[in-house]
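Visitor: sequence and predicted structure below; questions after.
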Amino acid sequence: MQLANQVALVTGGSRGIGRAICLVLARAAATVVASARSQEQLAALAEEARAQGLPGRVVPRAVDVTSRSACEELVESVAQEFSRIDILVNNAGITRDGMLMNMDDAQFEDVLTANLRSVFWLTRAASRYMVRARSGRIINISSVSGIMGNAGQCNYAASKAGVIGFSKSVAKELARRNITCNVVAPGFITTDMTDVLPENIKERYRQLIPCQQFGEPADVAEAVLYLASPQARYVTGQVLAVDGGLSM
């Protein structure tokens, strides 16, 4: 019940890591506004939270975070309905992989918009309410690709590295208002996106991980829960890699 009476906004909440984050925050008694493009998947998530009897609840909101106006309207609607935004988790993201010389402008721009511009738009809007309340937790989901780089992902790595630099700057700007801003950087996590990879590729990645195993969405969600909790009040501007040691 450590997040009782708090309101969390989570983007990319319908599946994978985002879904796990929504459920773990609801387990801690938060009211979780889960956003994604699929209203159907969000409704199923809200029903799952009810079926589990979680002390918090999941409120579905279908939103396209590649639209600045949609991001701003999402934040405004949450603030109007609940009169507060205590936690923002920027998790939404896409990949458009390809080698540098074959990558077109749209591949690069689409990833930057979904993965980085949306973080800017949502953080800017939500931080205004947090500043007034003199309290808040901002948790941005990056990736070990943003720390290490990854062949075939120069667009994705650039966007996720941008999230890290952006978050550190926001942390310095907002710290005096009792608002923290931190980053969680997942490594190879078992999700729908990774399930489609060929087994030989999975095995190659597994050999690079000191723990010799892939993570689960719940591993990332628990890290987010810590950073959202009162126990993390003195932690800001940090990058927590949840990657089995891959980036060390």
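Guide: Looks like it came in fine.

Visitor: so what touches stretch 203-211?
Guide: Under the contact criterion Cβ atoms under 8 Å, 6 or more residues apart in numbering, stretch 203-211 has outside partners 187-188, 212-214, 243-246, 248. The C-beta positions use only the backbone N, C-alpha and C, and glycine is treated the same way.

Visitor: any buried residues in that stretch, and which?
Guide: Ile209 (16 or more other Cβ atoms under 10 Å).

Visitor: quick one: mean pLDDT over the longest helix seen in the chain.
Guide: Identified as the longest helix of the chain according to DSSP state H is helix 154-174. Averaged across helix 154-174, pLDDT comes to 98.

Visitor: ok, back up a step: now a ChimeraX select for only the buried ones of the contacts of stretch 203-211.
Guide: Listed next is the ChimeraX selection for buried residues among the contacts of stretch 203-211, using 16+ other Cβ under 10 Å:
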select :187,188,214,243,244,246
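
Visitor: give me the distance between Cys181 and Val32.
Guide: 19 Å (Cβ to Cβ, to the nearest Å).

Visitor: give me the helix or strand of the chain that scores worst on average pLDDT.
Guide: Lowest mean confidence among the helices and strands of the chain (mean pLDDT, DSSP states H and E): helix 192-195, at a mean of 78.

Visitor: contacting residues for the spatially most central residue of the chain?
Guide: Nearest to the mean C-alpha position of the chain, by Cα atoms, centre = their mean, lies Asn91 at 2.1 Å. Asn91 is in contact with 10-13, 17-18, 21, 141, counting by Cβ under 8 Å, 6+ apart.

Visitor: can you give me the distance of it to Pro186?
Guide: 10 Å.

Visitor: and if you look at Glu48?
Guide: For Glu48 relative to Pro186 (Cβ to Cβ), the value is 22 Å.

Visitor: between the two, which has more neighbouring residues?
Guide: Legend: neighbour count by other Cβ atoms under 10 Å for Glu48 and Pro186, higher for Pro186 (25 against 15).

Visitor: ok, that one - contacts?
Guide: Applying Cβ under 8 Å, 6+ apart, the residues near Pro186 are 17, 141, 143-144, 215, 219-220, 241-243.

Visitor: among the residues you listed, which one lies nearest to Gly165?
Guide: Proximity of the contacts of Pro186 to Gly165 (Cβ to Cβ) peaks at Ser143, which lies at 13.8 Å.

Visitor: list phi and psi for the closest one.
Guide: With angles defined as degrees, to the nearest 10, Ser143 sits at phi -170, psi 160.

Visitor: among the contacts of stretch 203-211, which are in helices?
Guide: Short answer: those have none in helices (DSSP H).

Visitor: hmm, which two among the contacts of stretch 203-211 are most spread apart?
Guide: Phe214 and Met248, at 16.5 Å, using Cβ to Cβ across those.

Visitor: quick revisit: out of Cys181 and Val32, which sits in the busier spot?
Guide: Set Cys181 next to Val32 and count neighbours by other Cβ under 10 Å: Val32 wins out with 30 against 27.

Visitor: Three-state assignment for that one, please.
Guide: strand (DSSP: H, G, I helix; E, B strand; the rest coil).

Visitor: thank you, goodbye.
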